[in-house]
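Undergrad: Structure of the sequence below:
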Amino acid sequence: MRTDRRWLLDPAPLRADRGFARFWATSLVTALAGQLTAVAVPLQLYGLTHDSTWVGAAALAGLAPMVLGALWGGALADAADRRRLLLRGSAGLAAVSALLAAQAAPAPGPGVCALAVLLALVTVQQALFGMVSGVRGAVVPCLVAADRLPAANALMALAGWSGGIGGPLLAGVLAATVGLTPLYLLDALALTAALLPLRGLPRLPAPAGGPAQAGLRAIGAGLRTLTGHQVLRTAYLADAVAMVFGMPAALFPQLAQERFGPASIGVLSAAMAGGVVAGNLLSGPAARVRRYGVAITVAVCGWGFAVAGFGLAGRLWVAAGWLALSGLALAGLSLFRKTLMQRAAPDAMRGRLQGADTVIAAGGPRLAGLLHGLAGAAWGTGWAITGGGILVILTMLATARGFRPTPP
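TA: Numbers count the residues shown, from 1 in each chain. Below you'll find the predicted structure:
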């Protein structure tokens, strides 16, 4: 039995570090509730415009404020008390969700004013979300011992992906039964409730050596550190390669129409997410890994191999199996890359590096959607997906020489 348990997620950070346990609980709740707003916004946009172009344009337009918020929030995390930033950012998100609920309550009809208000609130929300994400990633190493970082990162990923699975399911039921206003309101209430546990965190003052101000100079210094540090640069590049060349989600609707049937899109989406959750639940051996560069290389190549297999699958259950395997690889990539970054980066740079990480996480899948959409239209879904998986493997193998045998 002991041998079997070594494969399972290590809950030690929750037992040993009370501050991390509080932080993890708030992350789980807000990840679940945040998906309610993530589902409600496109539904309301389509209801106002009856045009999917607006839905896609709003998603793309939200990228810029998120990127700017993440970079600025990361710099703030290195220049100010991180606990205070979390409280203020979460309070701001709660206020925006409450305003979203208020603007949706009268069930406004189509109109420029209603659309402008919704888009303005979404822009502010995305900027705040980027800022809070940049701060959150820098908080974890402050709350747990260094030897528990792999387990802590697996727990954080599990919270995020569990919310990503459960939130849309709950949102779909609520939107069909009670409308959109309660979705926004529940998100606001969850964010407000999370403020109390966050207040219970220890003070997290600005790290020694951090910037005096969170301006362009501080952001530039963080980006120079990232590009000038060979191991960190390679780790970030590995993640970008995996996301941009390998993420096939944009082609799920076309695959459902041409190959697997209209009901398959939910199966395809859930299969990858389920694989990520399973990968984090089976992350016990990660604590014994020492050669992070090798682990990241294997994870990225495994992701590319699974994506290539998915592109060739002719049956839905085979495709779901390949996507589940890709999710397992993605979980490993995320865990090892985050742990490497947290151990290799000085505390005074963690916020800014986490901000850059948020940029990749937000921008990579969007760019992948554009590239896969163009490739799928030109060469078909099979060639686009399988070719992307092969390109991931080849690019990663060419990049892997940037890793040292062990993290610094």
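Undergrad: quick one: residue 22 and residue 199 touch, right?
TA: No - look at residue 22 against residue 199 with C-beta atoms under 8 Å: they stay out of range, at 9.3 Å. Where C-beta positions appear, they are placed from N, C-alpha and C, glycine not excepted.
Undergrad: Skip the chain neighbours and tell me the closest residue to residue 137.
TA: Computed as C-beta to C-beta, 6 or more residues apart in numbering, the closest residue to residue 137 that is not its neighbour in sequence is residue 354, at 3.3 Å.
Undergrad: quick one: contacts for the one you found?
TA: 74, 77, 133-138, 341 (C-beta atoms under 8 Å, 6 or more residues apart in numbering).
Undergrad: now it: how far from residue 235?
TA: Taking C-beta to C-beta, to the nearest Å as the measure, residue 354 falls 13 Å from residue 235.
Undergrad: Then residue 82?
TA: Taking C-beta to C-beta, one finds residue 82 at 22 Å from residue 235.
Undergrad: Those two - which one has more neighbours?
TA: A direct count of neighbours by other C-beta atoms under 10 Å for residue 82 and residue 235 places residue 235 higher, at 29 against 24.
Undergrad: residues touching the more buried one, list them.
TA: Residue 235 makes contacts with 292-293, 296, 337, 340-341, 403, as judged by C-beta under 8 Å, 6+ apart.
Undergrad: Could you rerun that using 6 Å?
TA: Residue 235 makes contact with 337, 340, according to C-beta atoms under 6 Å, 6 or more residues apart in numbering.
Undergrad: which SS state does it fall under?
TA: At residue 235 the chain is in helix, as set by DSSP: H, G, I helix; E, B strand; the rest coil.
Undergrad: Do you know the pLDDT at the spatially most central residue of the chain?
TA: Centroid check for the chain by C-alpha atoms, centre = their mean gives residue 361 as the closest residue, at 5.4 Å. pLDDT, residue 361: 82.
Undergrad: Show me how far the helix or strand harbouring it is from its chain's centre.
TA: Assigning secondary structure by DSSP states H and E places residue 361 in helix 347-379. Relative to its chain's centre, helix 347-379 lies at 10 Å (C-alpha atoms, centre = their mean, to the nearest Å).
Undergrad: by how many degrees do the following helix or strand past it and helix 347-379 diverge?
TA: The helix or strand immediately downstream of helix 347-379 is helix 381-399, counting by DSSP H and E. Interaxial angle of helix 381-399 relative to helix 347-379 (axes from the mean of the first three to the mean of the last three C-alpha atoms, to 10 degrees): 140 degrees.
Undergrad: So what touches helix 381-399?
TA: Contacts of helix 381-399 (C-beta under 6 Å, 6+ apart): 237, 241-242, 245-246, 248, 251, 254-255, 300-301, 304, 307-308, 311-312, 372, 375-376.
Undergrad: Flag every buried residue along stretch 132-149.
TA: Counting neighbours by 16 or more other C-beta atoms under 10 Å, one finds that the buried residues in stretch 132-149 are 132-144, 148-149.
Undergrad: what are the C-alpha coordinates of it, in CSV please?
TA: Extracted in CSV, the C-alpha atoms of stretch 132-149 (Å, rounded to 0.1, in the frame of the first residue of the first chain):
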residue,chain,number,x,y,z
VAL,A,132,-3.9,38.9,-9.5
SER,A,133,-2.5,35.9,-11.4
GLY,A,134,0.9,37.5,-11.5
VAL,A,135,0.8,38.0,-7.7
ARG,A,136,-0.7,34.5,-6.9
GLY,A,137,2.2,32.6,-8.6
ALA,A,138,4.7,34.6,-6.5
VAL,A,139,3.0,33.8,-3.2
VAL,A,140,3.2,30.0,-3.3
PRO,A,141,7.0,29.8,-2.7
CYS,A,142,6.6,32.2,0.3
LEU,A,143,4.1,29.8,2.0
VAL,A,144,5.7,26.4,1.6
ALA,A,145,9.1,24.9,2.2
ALA,A,146,11.3,24.4,-0.9
ASP,A,147,11.1,20.6,-0.8
ARG,A,148,7.3,20.9,-0.9
LEU,A,149,7.1,23.1,-4.0
